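In: give me coordinates for this.
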Amino acid sequence: MNSLIRLELARALRNKKFLFFSVIYPSVLFLIISGSAGGAGDTVDGTGLNVAAFMMVSMASFGALTAVLMGNSERIAKERESGWVRQLRLTTLPGRGYVLAKTASAAVVSLPSIVVVFAVAALLKDVRFEAWQWLALTGAIWAGSLCFAALGVAIGYLASGDAVRPLTMIVYFGLSILGGLWMPSTTFPQWLQDIARWLPTHAYAALGRAIELGDAPHAGDVTLLVAYFLLFAGGAAWLYRKDTLKA
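Out: Numbering: from 1, shown residues only. Below you'll find the predicted structure:
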């Protein structure tokens, strides 16, 4: 499994298009959105955070989501069509090892996207926190991305090569927008806010915002993310076994 993780990392790091959209793109969006949303000192309603700090967590989470979801789903669907997955089944690698390797390698690649957004926020938007908060923010957002890495694996086995991109894009933008990563969910109608609270992206961003306020992540948000991770990972493992039986 370690060899497969190293191979996946090498492939991702050689993909310049993937690196742009997962590392550079979120930082550019952060600068655009935080620069057009009023003064940097303005407070986002209902959060207690200024615009720059609020959008920093949002775009770091969005970047990690891009890295683990977009990268995993399309790559797996293409590997299924090319026969690569069939070849792996002839080795001693168990099904759970394949799912774990894909999840772990995607999560490692998500780390640069988080760090770059933080660096841009600190250097260009004067966002300041204590050292422990920077470390906790990085750890929380990175660990939370595992949930969406598992979702990417599940989508890769759910959809064919032709259908995987549109399906992933619908899930990707739906979770990002409705989860409050592109705009505060407090601006939504009340009925939409009620839906957003149950989405994994809403709980994901809430981890970082709690840390920015000097608090520990709320137990409800952590529980919701863990539940989604178990659901997505279980679904990925089931779809992998189902795909194996078809081969």
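
In: not counting sequence-adjacent ones, nearest residue to the spatially most central residue of the chain?
Out: Nearest to the geometric centre of the chain sits Leu65, at 1.9 Å (C-alpha atoms, centre = their mean). Excluding its sequence neighbours, the residue lying closest to Leu65 (C-beta to C-beta, 6 or more residues apart in numbering) is Phe148, at 5.2 Å. Placement of C-beta: from N, CA and C, glycine included.

In: and the pLDDT for the one you found?
Out: pLDDT, Phe148: 92.

In: for Val99, same thing?
Out: Confidence score, pLDDT, at Val99: 67.

In: equivalent analysis for Lys102, please.
Out: 71.

In: contacting residues around it?
Out: With contact taken as C-beta atoms under 8 Å, 6 or more residues apart in numbering, Lys102 is in contact with Glu8, Asn72, Ile76, Ala149, Gly152, Val153, Gly156.

In: distance-wise, check it relative to Gly235.
Out: Between Lys102 and Gly235 the computed distance is 13 Å (C-beta to C-beta, to the nearest Å).

In: on that earlier part again, helix, strand or coil for the residue nearest to the centre of the chain?
Out: helix (DSSP: H, G, I helix; E, B strand; the rest coil).

In: show me the contacts for it.
Out: Taking C-beta under 8 Å, 6+ apart as the test, what Leu65 contacts is Ser145, Phe148, Tyr172, Leu175, Ser176, Leu181, Thr201, Tyr204.

In: that older thread, the contacts of Lys102 in helices, which ones?
Out: Using DSSP state H, the subset of these located in helices is Glu8, Asn72, Ile76, Ala149, Gly152, Val153, Gly156.

In: one step back: how much space separates the residue nearest to Leu65 from Gly71?
Out: 10 Å.

In: neighbour count winner among those two?
Out: Phe148 (32 against 27; other C-beta atoms under 10 Å).

In: give the contact list for that one.
Out: Taking C-beta under 8 Å, 6+ apart, one finds Ala64, Leu65, Val68, Leu69, Leu175, Pro200, Tyr204, Phe232 in contact with Phe148.

In: which members of these occur in helices, if any?
Out: Per DSSP H, the subset of the contacts of Phe148 in helices is Ala64, Leu65, Leu175, Pro200, Tyr204, Phe232.

In: can you turn the buried part of those residues into a PyMOL selection?
Out: A single PyMOL command selects the buried members of the ones in helices among the contacts of Phe148 (16 or more other C-beta atoms under 10 Å):
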select buried, resi 64+65+175+200+204+232
